[in-house]
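1. sequence first, predicted coordinates after that:
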Amino acid sequence: METFKKLGWKTIKWVGIFVVFVLLLMFIIPLLFPGTISDQVKIFANKRLAGKLDYKKVHLTFFRHFPSLTVSVDDLLLLGSKPFQQDTLLSAKEVSAGINLKNLIFDGAIKIDEIYINNAYANVYVNSKGQANYNVYVSGPSASPKDSTEKGTSLKLDLIKFRNWHIVYKDHTANVLVDAKGFNYTGKGGLSEDIFDLKTDLNIDKLDFSMNRVWYAQQKSLHADLITRINTKALTFVLRKNELKINDLPLKFNGFVSILKDGYDLDIKAAAEKTNIRDMISVLPPQYLDWAKDTKLEGNSDLFFSLKGMFSEPRKLSPNFTARLLVKDGAISNAKAPVPMNNLNVDLNIDLPSLDAEKLGLDLKQLSFDLGKINNFRAVVKTKGLSNMTVNANMKGAVNLQTLDEALGLKDLEIRGLMNADVKANGIFSMNKKLFPKTNGYLDLKDGWLKTTAYPNPIKNINLTANIKNTDGTFSSLGVKLAPFQFDFEGNPVYINADLQNFEDLLYKVRAKGVLNIGRIYQVFKRKGIDVSGLIKADLSLNGRESYATTGQYSKLDNKGTLIIKNVKANIEYLPKPFYLNEGSFEFENEKMWFRKFYATYGKSDFSLNGHLLNTINYFIERKGTLHGNFGLHSNYILVDEFMALKSGDNDNKSIAIENAKAENPKSSGVVIVPKNLDVALAVNAKKVGFKGMHLDQLQGTASVKSGQIYLKNTSFDLIGSRMNIDARYQDESPLTANFDVAFKVMDFNVQRAYKEIDMVRQMATSAKDVSGIVSMNYKLKGDFDQNMNPIYPSLEGGGVVNLRDVAVKNLKMLSVIGDNVGADAFNNPDMKGVNIETHIKDNLIHIKEFKFKVSVLRPSISGATSFNGLLDVLVKVGLPPAGWISVPVAITGTSEKPKLKFFSRTGQGILTAIYNRKINKVIREEKRDVNKSGSEQRKEKKAQEKKAKKAEEQIDKNVKKS
């Protein structure tokens, strides 16, 4: 017994010694290796990361993630890869790496087998060009054999833990947004192996997901238990065991994802089987979940979907999507409802090949429900395609909307009325081919009533009787009658009666009368981010046939009436600010819609229009119609800058293209976007026009908007005290680029004032700073605007003549340096009055045709080329007295600030032209000095370049003359 006690005490003693020793090591090891660890972290980061890495402090401890020895980095910041070097890719309060203790002690090598990242923000981003900010890891040379004896830092991961992340993923190529808050992730497996199984436990507190600005998930919780086989060489993820729970909806899926060089290869199947309607409802947006809490939901449901194929933006490939939703024997009821909604059955199939809406197939095999004995609804709908859609539909039912409202327990919406519908359709719908399914049906609504919590007063007395009939499947036999559609709102009745026949050559009879406060009626359907206000008063009678207007048979039309609009605010998707129509009075007279009064403002700009639009009825009938018109436009002030698409403004309804462009170019203004559906002539009279700091006064002339282009003809304005005449054409190519042609003439132009006040003059005529006096110009240019609507100088082409009518040229360095060498001070103040200088512009070079002037008794001439960046390749021939027949050639190279002379030489040093890619609006190469070439070679190249510039000038004439 005594022996046993001694053995026990010895065991306890040694165990205690071992524990103390381990604890001692846990304190000592971090003290022994801190410098090694910190140095190795920096070496590893510098070798393996393309993005900038910064952090505050490095710790080595056992206690943050016991029992692992971890190196922890506090307040880490990792920036993205090119071209996102200034943007955050990852920031984290703590990043810890678990270190293999055996390798550290015995080999002196740092082998990282665990990763912990806490309280992090990840910003993953792909721009519209397909460039990603996450390409920051630089792999080592693949061809080099592995050295098993190599010391240093290496990854051999078995565990990854992320806690409390906020992840934002934006992909502008696919228009996808994922925002995950409260992201917690644990991954276990041999993560450093070429092929391994990753066991994942994932929880997300709040998940938002949208595609093409349509929200498919908002504020959803998600839990996932996954086993994924990962092939790191092929970058393939095979989904083996994958169970998700989105709110209360369990979802199982399998398949694989392969990451390709230019996209993804997908084959994913998912299912939520044997669930119930309440679980299915839980994935709806949060605004509907409060309704579900107080509503009894019963019934079984199944959801299946798959995504299979390749996604590649460069190759224009997209996967196939299919889905099926089944609801059986459902029931929805509210405690206040007199009867429940019973026998709810849904069988819906969706097929979307290549994610192409033109191939969309919908098969609603069943939609049915009962509301008591007299309320029932049945629908079967099958469609295939979009612009050329095959339709087979049968809908029939009679529903008391108040009973339906009460059964569903809708909180924010009150509806009443008796609705009866019976519609059958079978055939093809195609606007282009003028086809419409054979159809026979009606929709009848009596004593309708609609009220929302957003506005205190209802829309009431809603009555609608609509009949539709088509007998042979063509537009010619299609007939639609609204007899009538009427409602009351805020004490104002609105009445519309319409009879539309033969949609191939529409025969229409429409009567509309009433007062509509659209600001107040909008409150009934209010949507966040959009504001509508104003008053519309209509008294219209429209009778005619579409062809009467298109064939000029205006006498057969009987369109008359008035439309009055006041204080209407409207947002347009390509403008940063809203338009305010202060007052509009319109009168219909057969083919014309007269603008009797039209006063509008946009930001600081104001507009008054008088004139008419043609064929407005046809415009609203046609699928892609164009509005034709002729107007006089008067304005006190137009500020072009505030029309630039990416300027700041309170329009929250911009297009996706503009939103993406603004996100990728936050400091850019964009260009002015021209509507594509106008063909309108304008006689313009504007007192002042502002554009990028320039002020044009008393602008008068003819403008037209046609096919997305703006033309100015015989237009003149005052600019810095001179009257300028221009013909021009402008066209946007994207929110960030545009092109233009302009031909302008100006007399009595003050050179010094122009140099000081106009940026373009300083860029194109750098020597103007040494010139004072009056000039005249006759010039033509074409080129592109950049993302700030500045001209891209390497894109400019054209030419013209500058007449130095009454000027003084002093201390022009290119000439002064000649005078310094020949001892002629007169070169500092040459006589250039009356000289015509002809130049041509191409590829960022200005080619100067030879011109002569006087310097005392000398008769110099100048020719050659200079670049916008100041490079010179100029030949000056100094004509000697008595008549300048004998001349001394001087080749001038260098720059305009530091010219270099070569006397008795006609050969300077050529300039390689800039290379500009007009398709992508990018300068591929700036101009630079050429290698030395013979005089004949240079003259040959110069003639070729001048010929190209001359052709470009001729093309400008053709462009601005278009109408």
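-> Structure's in. What do you need?
2. give me the pLDDT value at Tyr779.
-> On pLDDT, Tyr779 comes in at 93.
3. show me the beta-bridge partners of it.
-> Beta-bridge partners for Tyr779, by DSSP bridges, are Phe744, Gly800.
4. can you name the element that comes right after the host helix or strand of Glu587?
-> Following DSSP states H and E, one finds Glu587 within strand 579-589. Sequence-wise, the next helix or strand downstream of strand 579-589 (DSSP H and E) is strand 592-602.
5. and the helix or strand following that next one, which residues are buried?
-> Once the chain leaves strand 592-602, the next helix or strand it forms, by DSSP H and E, is strand 605-614. Across strand 605-614, burial judged by 16 or more other C-beta atoms under 10 Å covers Ser605, Asp606, Phe607, Ser608, Leu609, Gly611, His612, Leu613, Leu614. C-beta here means a position set from N, CA and C on the backbone, and glycine is covered the same way.
6. so after strand 605-614, what's the next helix or strand?
-> Assigned by DSSP H and E, the successor of strand 605-614 is helix 616-621.
7. burial check on the closest residue to Pro889 other than its chain neighbours, number of neighbours?
-> What sits nearest to Pro889 in space, not counting adjacent residues and going by C-beta to C-beta, 6 or more residues apart in numbering, is Arg906, at 4.6 Å. Using other C-beta atoms under 10 Å, Arg906 has 13 neighbouring residues.
8. can I assume Arg906 sits in a strand?
-> No - per DSSP: H, G, I helix; E, B strand; the rest coil, Arg906 lies outside any strand segment and is coil.
9. for Lys667, see how far away it is.
-> Shown here: Arg906 relative to Lys667, a distance of 47 Å by C-beta to C-beta, to the nearest Å.
10. so what strands line up beside the strand or helix carrying Ala498?
-> According to DSSP H and E, Ala498 maps onto strand 492-501. Partners of strand 492-501 in the sheet, by DSSP bridges, are strand 479-489 (antiparallel), strand 507-517 (antiparallel).
11. now what about it, what contacts it?
-> With contacts defined as C-beta atoms under 8 Å, 6 or more residues apart in numbering, strand 492-501 is touched by 461, 478-488, 506-517.
12. what subset of the residues you listed is buried?
-> 461, 478-482, 485-487, 506-508, 510-517.
13. what segments of the stretch 251-400 of the chain are helices?
-> For the stretch 251-400 of the chain, the helices defined by DSSP state H, counting those that start in this stretch occupy 277-281, 289-293.
14. now the first one, how far from the chain's geometric center?
-> What it means is helix 277-281. Chain-centre distance of helix 277-281: 35 Å, with C-alpha atoms, centre = their mean, to the nearest Å.
15. so what's Ala109 scoring on pLDDT?
-> On the pLDDT scale, Ala109 gets 49.
16. do the one 3 residues further on as well
-> At Ile112, the model reports a pLDDT of 59.
17. same deal with Phe18?
-> Value for Phe18, per-residue pLDDT: 45.
18. now the one 5 residues further on
-> For Leu23, the model assigns a pLDDT of 43.
19. where along the chain do the helices fall?
-> Under the criterion DSSP state H, the chain contains helices at 2-32, 34-48, 101-102, 277-281, 289-293, 401-408, 518-524, 546-550, 616-621, 656-664, 751-757, 759-764, 813-822, 935-960.
20. any regions of the stretch 101-250 of the chain where pLDDT drops low?
-> Applying pLDDT under 70 to the stretch 101-250 of the chain flags the ranges 101-113, 137-157, 190-193, 232-235.
21. the strands in it, which residues?
-> Here the stretch 101-250 of the chain has its strands, by DSSP state E, counting those that start in this stretch, at 110-126, 153-171, 176-188, 195-211, 214-231, 236-246, 249-260.
22. adding distance to Ala768, write those strands out as a markdown table.
-> As requested, those are exported to a markdown table (distance: least, C-beta to C-beta, whole Å):
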| stretch | distance to Ala768 |
| --- | --- |
| strand 110-126 | 44 |
| strand 153-171 | 46 |
| strand 176-188 | 50 |
| strand 195-211 | 53 |
| strand 214-231 | 54 |
| strand 236-246 | 63 |
| strand 249-260 | 54 |
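23. give me whichever of those strands is most buried.
-> Across the strands of the stretch 101-250 of the chain, averaging neighbours per residue (mean count of other C-beta atoms under 10 Å) puts strand 110-126 on top, at a mean of 19.
24. for the closest residue to Phe853 other than its chain neighbours, give me its contacts.
-> Leaving aside its chain neighbours, Phe853 sits nearest to Met832 (4.6 Å; criterion: C-beta to C-beta, 6+ apart). Neighbouring residues of Met832 by C-beta under 8 Å, 6+ apart: Leu804, Val807, Val809, Phe853, Lys854.
25. what's the pLDDT at Met832?
-> On pLDDT, Met832 comes in at 87.
26. and it, how far from Ile774?
-> Look at Met832 and Ile774: by C-beta to C-beta, they are 12 Å apart.
27. any idea how far Thr322 is from the residue nearest to Arg229 when sequence neighbours are not counted?
-> Counting by C-beta to C-beta, 6+ apart, Val238 is the residue found nearest to Arg229 once chain neighbours are left out, at 4.1 Å. Look at Val238 and Thr322: by C-beta to C-beta, they are 21 Å apart.
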